[in-house]
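>>> I'd like to go over a predicted model; first the sequence, then the structure.
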Amino acid sequence: MISGRLISRSCTTSWSDWNHGDLYLTAEALVRVRLPVPTAEGRRFRDTVGPTPRYRDLPSADEAGPLLDLDPTNRCIRLTEITSARLRRGALNDRLALTLQDGTRSKLLWLRVDPAYDVLARELPDRLGTAFRKG
């Protein structure tokens, strides 16, 4: 198990994915876990995390298989596999567009009111180096 900081409870994996999920940043990965539909309803542009940092024990990237099997939109993206990461701020939501070593592309989107943008803008430059950019 590894500790993950909750940075959004409104994370989706694409514009067509309306199922919100939790987004965590761990020492080794970005982890997205889909929320049950009743939990995800009513997000409506309110901060979904709150001002106090919250943490949860998560499977390490090596142990994430069962978590990923629970839902096709769950993600465990190792930071070491990211070759390009672009963090963008939007009018209503923010996003992180990723390219991985195997050429796979992935997007993570969340409500702008959540702290994810600020946390990622602060943490990812040191962890990803030149692979990270904003804008």
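Good, I have the coordinates. Since we're looking at a predicted model, the values are computed, not measured.
>>> relative to D69, how far out is N19?
In this structure, N19 and D69 are separated by 16 Å, where distance is defined by Cβ to Cβ, to the nearest Å. Using the backbone N, CA and C atoms, a C-beta is placed for each residue, glycine as well.
>>> which other helices and strands does the longest helix seen in the chain contact?
The helix that spans the most residues within the chain, counting by DSSP state H, is helix 116-128. In terms of contacts (3 or more Cβ pairs under 8 Å, 6 or more residues apart in numbering; DSSP states H and E), helix 116-128 is packed against strand 2-11, strand 21-25, strand 82-88, strand 93-100, strand 132-134.
>>> quick one: strands adjacent to the second one?
Applying DSSP bridges, strand 21-25 is found paired with strand 2-11 (antiparallel), strand 29-34 (antiparallel).
>>> those strands: which one's closest to C76?
Proximity of those to C76 was assessed by Cβ to Cβ; the nearest stretch is strand 29-34, lying at 5.2 Å.
>>> ok, what's across the strand from the residue nearest the centre of the chain?
Ranked by distance to the mean C-alpha position of the chain (Cα atoms, centre = their mean), the top residue is L23 at 3.9 Å. Following DSSP bridges, L23 is listed with bridge partners S8, R32.
>>> go ahead and confirm it touches A116.
Yes - because the distance of 5.9 Å satisfies Cβ atoms under 8 Å, L23 is recorded as touching A116.
>>> could you tell me which residues touch both of those two?
I7, S8, C11, W110 (Cβ atoms under 8 Å, 6 or more residues apart in numbering).
>>> low-scoring stretches of this protein, by residue?
Using pLDDT under 70 as the threshold, the predicted model of the chain has low-confidence ranges 37-47.
>>> let's see it at 80
The model of the chain has pLDDT under 80 over residues 15-18, 37-48, 50-51.
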